[in-house]
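Novice: sequence and predicted structure below; questions after.
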Amino acid sequence: MLTETVYLDHSATTPMDDRVLAVMEPYFSEFFGNPSSLHRQGQRAEAAVSAARQSVASILGCSAGSIFFTACATESNNLVLHGLAITKRDAGQAYHALTTPIEHPSVIEPLRHIQSHGAGAYSFLPVDRAGKLRAAEYRQLVTDEISLVSIVLGNNEIGTINPISEVGDFLKHKPALLHTDAVQAANFIELDVDKLGVDFLTLSPHKFYGPKGVGILYARDPASITPLMQGGSQESGVRPGTHNVPLIVGAAKALELAQAAHQDESTRLRPLRDRLIHEVLRRIPECELTGDPEDRLPHHASFVFADIDSNELLASLDLHGYACSSGSACKVGNPEPSKLLLALGYSENLASGALRVTLGKSSSAGVIDAFLNTLIDVIGRLRNQEAD
């Protein structure tokens, strides 16, 4: 067995880039001021937050006034979904959102909460078995009564990439606003908000070699969302609370590095991913690739195996030194089969045997070949145990 962990779970989180840590460090100690303070230390901190905001805005192709820093992408998603619902309610208008059954829980659960409390309604858009939006069908559902369409850009569990720019073009002629959870996409897809045609976009820097505990929200019209918290004027009142300056500085640097390298990293990882997928499907019986085989994140390979328990599989791989996942990091330890896979029509037997392998900067051809041999051996042993 391996004595050192080989990390293959980059959709859950990523190790921080040394260059990100370097720009953050001074703001933990030397430049520790509160950005809301008027003295020199406060002004230096405020300048750092402003520079970070401008950097993010330049990358996304928008004004700095449309960028807001939160604690995480989950908060950003909630701020969009709940904030717009409150705005509609206060204006005496109905709130109806459309989303897909493959969204992250931080999108689906807020919409369920809104509906259960009588503050609005939501419906699912049709997707195929690969989780891809059915373009011909969704257009019929986007009526003038729809307030918001929320579609993930790159899915965390199955890797499918959705045609957000096509949806954006269609919605230009509709009153509905468009939100995309782009958390998994920053390492691999250009995030120009005008090209995507989005009104809201959410990011989580720890998914692209930045710090945890900070999120990024783009809002084309900030006035459209009512703040969920009160008690301060930070972030133009949209998200009050003392700024976490080191993490904000790190978030901006991580996004800068990710977007600058996204094409090269996609080109490097795609053939490694394709080799992994090809060999798993060729050498392991009774398994399927989940997600779209073509329109998928270039680092993402996900499978279902018949007669396999995901938790047992992950534990066995971990003992052999490989860190993988069964899907969303938000469902760790949950013995139930993936709700996403069940929604896509997979049987409970297959949905209970999900595996997600996501590559990153440390991944190489040698890593893939060694992992393949281990995975084949582990699957065989687990199935033999089940048969006994």
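Specialist: Thanks, I have the structure now.
Novice: got the domain boundaries for the protein?
Specialist: If you go by automatic domain parsing, the domain ranges for the chain are 6-14+262-387, 18-258.
Novice: helices of the stretch 151-300 of the chain, start to end?
Specialist: Assigned by DSSP state H, counting those that start in this stretch, the helices in the stretch 151-300 of the chain fall at 164-171, 193-196, 245-283.
Novice: low-confidence stretches in the stretch 251-388 of the chain?
Specialist: 328-335, 386-388 (pLDDT under 70).
Novice: and with 80 instead?
Specialist: 327-336, 386-388 (pLDDT under 80).
Novice: residue ranges of the strands in it, please?
Specialist: For the stretch 251-388 of the chain, applying DSSP state E, counting those that start in this stretch gives strands covering 287-289, 300-305, 322-323, 354-358.
Novice: I'd like to know which elements the last one is packed against.
Specialist: Helices and strands in packing contact with strand 354-358 are listed as strand 300-305, helix 310-319; criterion 3 or more Cβ pairs under 8 Å, 6 or more residues apart in numbering; DSSP states H and E. (Glycine included, C-beta is placed from N, CA and C.)
Novice: need those in JSON lines (columns: mean neighbour count).
Specialist: Converted to JSON lines, these look like this (neighbours: other Cβ atoms under 10 Å):
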{"stretch": "strand 300-305", "mean neighbour count": "26"}
{"stretch": "helix 310-319", "mean neighbour count": "17"}
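Novice: so which of these is nearest residue 4?
Specialist: Evaluated with Cβ to Cβ, those place helix 310-319 nearest to residue 4, the distance being 12.4 Å.
Novice: roughly how far out does the closest one sit from the chain middle?
Specialist: How far helix 310-319 lies from its chain's middle: 24 Å, per Cα atoms, centre = their mean, to the nearest Å.
Novice: between strand 354-358 and it, find me the angle.
Specialist: 40 degrees (axes from the mean of the first three to the mean of the last three Cα atoms, to 10 degrees).
Novice: for helix 310-319, packing partners?
Specialist: So helix 310-319, by 3+ Cβ pairs under 8 Å, 6+ apart, packs with strand 354-358, helix 365-387.
Novice: out of the ones you listed, which one sits most buried?
Specialist: strand 354-358 (a mean of 26; mean count of other Cβ atoms under 10 Å).
Novice: coming back round to it: including distance to residue 225, could the strands of the stretch 251-388 of the chain go into a markdown table?
Specialist: Formatted as a markdown table, these follow (distance: least, Cβ to Cβ, whole Å):
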| stretch | distance to residue 225 |
| --- | --- |
| strand 287-289 | 38 |
| strand 300-305 | 30 |
| strand 322-323 | 37 |
| strand 354-358 | 31 |
